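**Q** mind looking at a prediction? Sequence and model below.
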Amino acid sequence: MSHACRTSFSLAAALVAVVTTSGGRAQVAFAQASAALDASAKQRSGAEAGVLPINDAPNPYRTVENYFKLPAGRTWGSTCAVEIDKDGTSIWVGERCGANSCLDSNLDPILKFDATGKLVKSFGAGLIVFPHGIYVDRDGNIWVSDGQDNAPRPARGGAAAGGSAGGAAANAPAAATKGHQVFKFSPDGKLLMTLGKPGGGREPDFFFQPDDVLVAPNGDIFVSEGHGGDNSRILKFTKDGKLIKTFGKKGTGPGEFDTPHTLAMDSKGRLFVGDRNNNRIQIFDQNGTFLEQWPQFSRPSGLFIDKQDNIYVADSESGSVSRNHPGWKRGMRVGNVKDGKVTAFIPDPDENATGTSAAEGVAVDAKGNIYGAEVGPRAVKKYVKK
């Protein structure tokens, strides 16, 4: 029996018990319990029109600005890729070379900072066009998805000149010779594995616009693909990079996606997919079987689940880029996967932003500090408990 079923059953039993008592107090208790059941169901239910925006949860965090130090002369570019090192305190960032693309740049896009915010390592120059997703596996290896290519075309949709805009093209252009791949690096920056072909492709085991990458405890590799175009799916590979299966397609139903922008996995091995353009999180087992969908964490651009199964969800688009999610505010929502309830909300300080704002990627260190990677404001911010 699922947690939701157990919760509904126990509340229903309580309702029956209280009705067997007498007097007006029983009727009041029944009404209160019914309201609690309805509220719980609305927070945990699938994507539906009846789910009310959750913008009023408390914010127990304060923002630390300018925590990370770049070398003299280098400025922050866009980033949505942020991850915690195996040591639990160092931070990895995929940064777009002072712009919104690393095309024609000689800068390293993969950056490692220590717990004080000091840059201690960098690599990847000339290899990655558009770092989008990042993941550190149990061995400390760094995985990075490259979400664009180097085919010449006018910039639009927020992409830098020369690279394909997210969702702007139906297929990877023949002129593309770089991009749309997933890379595995050692902790020292040595390239260990490459998935996909340079420039991308539509063959079953290649990528076009890979959004995020995640490695399961047994070594299986999951990649989410599709950034607003007609391809939206999850690919599963062996630890050696052989395709096992794909699941999902473009759509709005359970198990279908519209920009599966981010991935996370809880302690039970359930795969959480941030189905951004459908304004929901979808949950699967590792065989791709659909389990649940949660709309209560708003429009997910970034996901992170810590060792205590706390879930952190970044929404960088509601009310600005996305106008089809009325009432929801941008920011980061925090909860726990055990009950799916939103317990905290860090709002975007710029409520009047017209583009991508607030954190798009999120990671949390062993001390509970939150790191938000921002595309529009071009920064990585630290959030600590007040």
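**A** In hand now; what should we look at?
**Q** roughly how far apart are L243 and L195?
**A** 9 Å (CB to CB, to the nearest Å). To be clear about C-beta, it is placed using only N, CA and C from the backbone, and glycine gets the same treatment.
**Q** show me the domain layout of this protein.
**A** With domains defined by automatic domain parsing, the chain comprises 1-44, 52-385.
**Q** now mean neighbour count and mean pLDDT too, for those, in CSV please.
**A** Compiled in CSV, the domains of the chain are given as follows (neighbours: other CB atoms under 10 Å; pLDDT from 0 to 100):
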stretch, mean neighbour count, mean pLDDT
domain 1-44, 13, 42
domain 52-385, 20, 93
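**Q** would you check that D315 makes contact with G331?
**A** Yes. Shown here, D315 and G331 form a contact pair, counting by CB atoms under 8 Å, at 6.2 Å.
**Q** tell me where the stretch 101-250 of the chain has strands.
**A** Along the stretch 101-250 of the chain, counting by DSSP state E, counting those that start in this stretch, strands occupy 110-113, 119-123, 131-136, 142-149, 179-185, 191-195, 210-215, 221-225, 233-237, 243-247.
**Q** against which helices or strands is the second one packed?
**A** Going back to what we said before, that points to strand 119-123. strand 110-113 (3 or more CB pairs under 8 Å, 6 or more residues apart in numbering; DSSP states H and E).
**Q** neighbouring strands - and their directions - for the strand it packs on?
**A** When sheet partners are counted by DSSP bridges, strand 110-113 sits next to strand 91-94 (antiparallel), strand 119-123 (antiparallel).
**Q** how about those, which one is nearest I221?
**A** strand 91-94 (17.3 Å; CB to CB).
**Q** re the thing from before, and for L243 and L195, which residues touch both?
**A** Common neighbours of L243 and L195, counting by CB atoms under 8 Å, 6 or more residues apart in numbering, are F237.
**Q** quick one: secondary structure of T63?
**A** Recorded secondary structure, T63: strand (DSSP: H, G, I helix; E, B strand; the rest coil).
**Q** what sits against it?
**A** 349, 381-383.
**Q** with M193 instead?
**A** 183-184, 241.
**Q** report the beta-bridge partners for it.
**A** K184.
**Q** from A115, how far out is it?
**A** From M193 to A115 the distance is 28 Å (CB to CB).
**Q** and N59, by the same measure?
**A** From N59 over to A115 (counting by CB to CB), the distance is 24 Å.
**Q** just P300 next, same as before
**A** From P300 to A115 the distance is 27 Å (CB to CB).
**Q** with N352 instead?
**A** 34 Å.
**Q** again with E360
**A** 23 Å.
**Q** same check, this time on E225
**A** Distance of E225 to A115, given as CB to CB: 33 Å.
**Q** picking that back up, which among the strands paired with strand 110-113 is found nearest to D205?
**A** strand 91-94 (23.1 Å).
**Q** what does the closest one contact?
**A** Contacting residues not belonging to strand 91-94 are listed as 68, 79-85, 109-113, 128, 131-134, 136, 142, 144, 363, 365, 371, 373, 380 [CB under 8 Å, 6+ apart].
**Q** chain center to it: distance?
**A** 14 Å (CA atoms, centre = their mean, to the nearest Å).
**Q** tabulate the CA atom coordinates of that strand in CSV.
**A** The C-alpha coordinates for strand 91-94 follow below in CSV (Å, rounded to 0.1, in the frame of the first residue of the first chain):
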residue,chain,number,x,y,z
ILE,A,91,30.7,22.5,-4.6
TRP,A,92,30.8,21.8,-8.3
VAL,A,93,29.4,24.3,-10.8
GLY,A,94,28.9,24.1,-14.6
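**Q** grab the nearest non-local neighbour of the residue most central in space within the chain.
**A** With distances taken as CA atoms, centre = their mean, G302 lies nearest the centre of the chain, 2.4 Å away. Nearest residue to G302, sequence neighbours excluded (CB to CB, 6 or more residues apart in numbering): A314, at 3.5 Å.
**Q** check contacts around the one you found.
**A** If you count contacts by CB under 8 Å, 6+ apart, then A314 has 300-303, 331-332, 358-362, 372 around it.
**Q** redo those as a markdown table? Include secondary structure and distance to E256.
**A** Formatted as a markdown table, the contacts of A314 follow (DSSP: H, G, I helix; E, B strand; the rest coil; distance: CB to CB, whole Å):
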| residue | secondary structure | distance to E256 |
| --- | --- | --- |
| P300 | coil | 16 |
| S301 | coil | 19 |
| G302 | strand | 21 |
| L303 | strand | 18 |
| G331 | strand | 27 |
| M332 | strand | 26 |
| A358 | coil | 27 |
| A359 | coil | 26 |
| E360 | coil | 23 |
| G361 | strand | 24 |
| V362 | strand | 24 |
| G372 | strand | 28 |
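**Q** which one of the residues you listed is nearest to A216?
**A** Distances from A216 to the contacts of A314, taken by CB to CB, are shortest for L303, at 15.1 Å.
**Q** list the contacts of that closest one.
**A** Counted by CB under 8 Å, 6+ apart, L303 has contacts 262-264, 272, 274, 281, 311-314, 362.
**Q** fine by me, thanks again.
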